[in-house]
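J.: Predicted model and sequence follow; I will ask about them next.
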Amino acid sequence: MSRTVLVTGASKGIGRAIALGMADRGYDVAINDIASEKAGLDTLATEIQEKGQRALPVVADISNQEQVDAMFQKIFSAWETLDVLVNNAGILTVSLVENLPEEIWDRVFDVNAKGTFLVTKAVIPHMKERRSGRIIHIASIGGKHGGPGQAHYCSSKGAVIEFTRVLAMELGEYGITVNAVCPGIILTEMGRNNLGTQAEIDAWTQKTCLKRLGEPEDVVGSVAFFAGEDSAYITGQSLNVCGGIIFY
Ligand code: NAP
């Protein structure tokens, strides 16, 4: 039986690349996104099945407790086990703090921080019972080194990085590892919207050691590593996948 993974926010961008990359590595993949992205999820499910793996599309807003509960009911009625959770879903808007509406701060925290909490909380009893599991958060280098206009986003990703450390302390004795991947600038819808002008793209490119921005596929290897046996003695860590923009 193949190992199983759930990837949230998987209809596009980094989540989609992770879902396909895990299928390539022999995982069956449950793929989540919000209702408006269902068509993308269904296309992705077909692509995963064409690779010979099981695919399970599950629509849910990860910031909503009832929808998260329904998502896991669907997953566990179809599959007996979930070996790996990849908390990838996230949102980004740009605004200086002095102009930032309260509801935008709340929405970004609802999805990026609370959503990660709700989905993780739901898998803990299952992984503890099996005394095995891998939890991987897609945070951001922004959670370590903020940028102007992104106080809400960077604060929410900082919360995810600290959440990773505390979870590692709470779950290690049950054979569960918890790690975060911190992408730099990745050329997805979110990444491109954030970059804006060609001048900004060029400036960010120059900030990388590798003199290129990332593609979604650049993030996959780190997730596969944290999901597999080679990382068995690594937990509570946050790994930058940023082409060398920051070093801590
Ligand atoms: P993306 O292309 O916008 O994909 C994210 C997906 O998550 C979208 O399909 C989005 O739907 C979905 N989503 C949003 N809210 C959700 C919710 N409440 N429940 C379930 N799904 C939801 O973004 P990406 O660039 O691939 O980013 C993936 C992750 O990497 C995010 O956590 C992001 O913060 C992180 N990251 C990205 C970069 C980058 O440069 N791209 C850098 C560092 C970290 P909608 O599009 O309809 O909102």
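T.: Nice, thanks for sending it over.
J.: How about the top helix by length along the chain, which residues are buried there?
T.: The residue-count maximum for a helix in the chain (DSSP state H) belongs to helix 151-171. Buried residues in helix 151-171, counted by 16 or more other CB atoms under 10 Å: 151-161, 163-165, 167-168, 171. For every residue, glycine as well, the C-beta is placed using N, CA and C.
J.: Repeat that for stretch 58-70.
T.: So, applying 16+ other CB under 10 Å, buried residues of stretch 58-70: 58, 59, 60, 61, 62, 63, 64, 67, 68.
J.: ditto for stretch 75-93
T.: 75, 79, 82-93.
J.: Closest to the ligand out of these?
T.: For the buried residues of stretch 75-93, the closest approach to the ligand (CB to the nearest ligand atom) belongs to residue 90, at 2.3 Å.
J.: residues in this protein within reach of the ligand, list them.
T.: 8-9, 11-15, 32-34, 36-37, 61-63, 88-92, 111, 115, 138, 140, 183, 185-186, 188-191 (CB under 6 Å from any ligand atom).
J.: Which ones among the buried residues of stretch 75-93 lie within strands?
T.: When these are checked against strands (DSSP state E), the matches are 84, 85, 86, 87.
J.: What's opposite the third one in the beta bridge?
T.: Taking DSSP bridges as the rule, residue 86 bridges to residue 7, residue 136.
J.: which residues touch it?
T.: Contacts for residue 86 (CB atoms under 8 Å, 6 or more residues apart in numbering) come out as 5, 6, 7, 8, 15, 18, 22, 136, 138, 223, 227.
J.: In CSV: those, plus neighbour count and pLDDT.
T.: Formatted as CSV, the contacts of residue 86 follow (neighbours: other CB atoms under 10 Å; pLDDT from 0 to 100):
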residue, neighbour count, pLDDT
5, 26, 99
6, 26, 99
7, 31, 99
8, 27, 99
15, 29, 99
18, 30, 99
22, 28, 99
136, 27, 99
138, 28, 99
223, 27, 99
227, 24, 98
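J.: Can you tell me which of those residues is closest to residue 246?
T.: Residue 246 lies nearest to residue 138 out of the contacts of residue 86, by CB to CB, at 16.2 Å.
J.: Quick one: residues contacting that closest one.
T.: 14, 15, 86, 87, 88, 90, 180, 181, 183, 219, 223.
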